[in-house]
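In: Structure here, sequence nowhere to be found:
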């Protein structure tokens with residue numbers, strides 16, 4: 001826990017300055033994520049590795065993000081969910097309330113295949129997607145960004161993941 005606190009003492013003030021908020025040096029930055037993200041925002045995580053999922057989920061929680069998290073164990077499971085009419089109905093009304101953290105290397109369908117599927121649909125295309133992988137290959141990163149991902153973050157979770165989530169949440173809050 002000490003490591004997480006150390007990172008956020010430096011990270012959150014910078015993030016706050018970027019959105020025009022003067023940080024208070026006495027503020028408990030560990031819990032800033034909770035105040036910057038709407039409570040009704042849902043975070044979907046597609047991650048096949050249990051250890052990576054648990055690490056990511058704990059990191060989000062320790063960063064003050066207590067939103068609902070929906071987990072998908074592989075790309076096929078996520079793509080089936082994305083294809084349901086219930087989700088499409090929901091998306092047409094509350095598209096700004098979803099963020100997808102998408103692992104690249106998954107069984108059945110890769111994250112890149114799922115992202116490509118999403119970007120071919122004018123409703124699914126609107127879901128902000130953060131590609132999340134142990135791979136830091138510049139070509140893979142470029143491919144993901146070209147396909148339309150909002151960001152590419154290398155595992156394990158770091159302040160960059162939280163920065164991406166908060167940035168997406170803040171952008172959509174200002175768009176409403």
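Out: Perfect, thanks for sending it. In this text the structure is predicted, and so the values were computed from the model without any measurement. Numbering: from 1, shown residues only.
In: Any buried residues in stretch 156-171, and which?
Out: By neighbour count with 16 or more other C-beta atoms under 10 Å, stretch 156-171 contains the buried residues 157, 159, 161-170. Every residue, glycine included, has its C-beta placed from N, CA and C.
In: can I get these in CSV with pLDDT and distance to residue 122?
Out: CSV is the format used below for the buried residues of stretch 156-171 (pLDDT from 0 to 100; distance: C-beta to C-beta, whole Å):
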residue, pLDDT, distance to residue 122
157, 78, 31
159, 78, 33
161, 79, 27
162, 80, 29
163, 79, 28
164, 79, 23
165, 82, 24
166, 78, 26
167, 78, 23
168, 76, 19
169, 72, 22
170, 68, 24
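In: Which one of those is nearest to residue 120?
Out: residue 168 (21.1 Å; C-beta to C-beta).
In: ok, that closest one to residue 130 distance?
Out: 8 Å (C-beta to C-beta, to the nearest Å).
In: And residue 141, by the same measure?
Out: Counting by C-beta to C-beta, the gap from residue 141 to residue 130 is 12 Å.
In: Neighbour count: the two, which is higher?
Out: residue 130 (22 against 19; other C-beta atoms under 10 Å).
In: Identify the bridge partners of that one.
Out: residue 101, residue 151 (DSSP bridges).
In: I'd say it and residue 144 touch.
Out: No: Residue 130 is beyond contact range of residue 144, at 9.6 Å (criterion: C-beta atoms under 8 Å).
In: Which parts of the helix or strand residue 54 falls within count as buried, going by neighbours?
Out: Residue 54 is part of helix 50-62, with elements assigned from DSSP states H and E. Buried residues in helix 50-62, counted by 16+ other C-beta under 10 Å: 52-53, 56-57, 59-60, 62.
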